[in-house]
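*Asks:* Starting from these lines, generate the structure:
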Amino acid sequence: MNIFNKKTILITGGTGSFGSAFVKYLLDNHSQLSRIIIFSRDELKQYNLSQENLNHKNYSKLRFFLGDIRDKTRLVSALNDVDIVVHAAALKQVEASEYNPIEFIKTNIIGSQNLVEACLETKVNKVIALSTDKAAAAINLYGATKLCSDKLFLASNNITGKKNIRFSVVRYGNVINSRGSVVPNFLKQKLDGVLKVTNPEMTRFSLTLREGIENVMWALKNGIGGEVIVPKIPSYKILDLAKAVDDKIKIKIIGTRQGEKIHEEMITISDGKNTLDIGSHYIIVNNKKVKEKYIKKFKGKKVADSFSYRSNLKNNFLTISELRKIIKKETKNVD
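*Replies:* Alright, predicted model coming up:
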């Protein structure tokens, strides 16, 4: 069964790095959709996205809806006759969150609750909310707001009543070459002859935009509701990433920034007690019925109580050569 047949999908944050790539993917691969609605607050980015896809054979399916997830009334209007929501709107810069906490709370927490309520008041039947590795064992305000957002979406499955709607969360790591990520910064710094690294011991999970889309698609097709879906992905050492950009350039260590982790986690030891391994993904799930469904459908197996999923795990690192290939493919800017 095709999940998109004659359906309407709305993407919050639809002009961001993920959103714009996801829109292009849907246009290319899912012509059976009735409408693709881009919900975002920046009219220039909407215009640019419109122009980028103007000549696409499925352009007529696109709709652009200006609005902010802080405005519930606007969300309700946008969700009229929408079947599926992919929630990608968020404030996400770690340093900015430390100095502007209330703004992150308004968007990432209150905005998420607005979306939950708007979906419950309309005919939406599937919601996939994008999360981040920074929500696990959060030490910065951004991670804390995303953890709270995750909890809001998961808990919403308990108040659906007779409505046919399910909320799931997809959690993954740093997206290579996304807006504000380390690769674009390194490429800019390369022009000045020095790459700035905050801590030489740092590791991060690695994901391309295409892989992010694939994981959202997996969740749309297989998500049951009430779970956090965590893909199995590789990691990299920050110094290896710098060498992949330029192995001869000078590297300057500038010190760890406020709110920055040395290593990221996607599953903490505490979450490990409620985690299933289904092969391609880990599933964090507290609800017994949902857990049983994953065990039955995917032959899910409980991980060890001491299990955690961290970016500094041995035998999970991309090599410099592998990183160079990924950067070339994603940016086409590395010699």
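*Asks:* Please give the element, helix or strand, for residue 39.
*Replies:* strand 35-40 (DSSP states H and E).
*Asks:* Mind listing what's buried along the helix or strand just after that strand?
*Replies:* Under the assignment DSSP H and E, the closest C-terminal helix or strand after strand 35-40 is helix 43-52. Going by neighbour count (16 or more other C-beta atoms under 10 Å), the buried part of helix 43-52 is 45, 46, 49. Every C-beta, even on glycine, is put in place using the N, C-alpha and C of the backbone.
*Asks:* Skipping its backbone neighbours, what lies nearest the residue most central in space within the chain in space?
*Replies:* The chain has residue 130 as the residue nearest its centroid, 4.0 Å off, counting by C-alpha atoms, centre = their mean. Using C-beta to C-beta, 6 or more residues apart in numbering and skipping the chain neighbours, the partner closest in space to residue 130 is residue 88 (5.0 Å).
*Asks:* so where's this protein shaky on pLDDT?
*Replies:* Across the chain, the ranges flagged by pLDDT under 70 are 1, 332-335.
*Asks:* does the residue at the greatest distance from the centre of it sit in a helix, a strand or a coil?
*Replies:* Distance from the C-alpha centroid of the chain, by C-alpha atoms, centre = their mean, peaks at residue 248 (32.9 Å). With DSSP: H, G, I helix; E, B strand; the rest coil as the basis, residue 248 sits in coil.
*Asks:* What separation do you get for it and residue 195?
*Replies:* 11 Å (C-beta to C-beta, to the nearest Å).
*Asks:* picking that back up, for the residue farthest from the centre of the chain, grab phi and psi.
*Replies:* phi -110, psi -10 (degrees, to the nearest 10).
*Asks:* what do you get for the one 3 residues further on?
*Replies:* Residue 251 has phi and psi values of phi -110, psi 130 when expressed as degrees, to the nearest 10.
*Asks:* Just list the residues touching it, thanks.
*Replies:* By C-beta atoms under 8 Å, 6 or more residues apart in numbering, residue 251 lies in contact with 194, 195, 196, 197, 239, 242.
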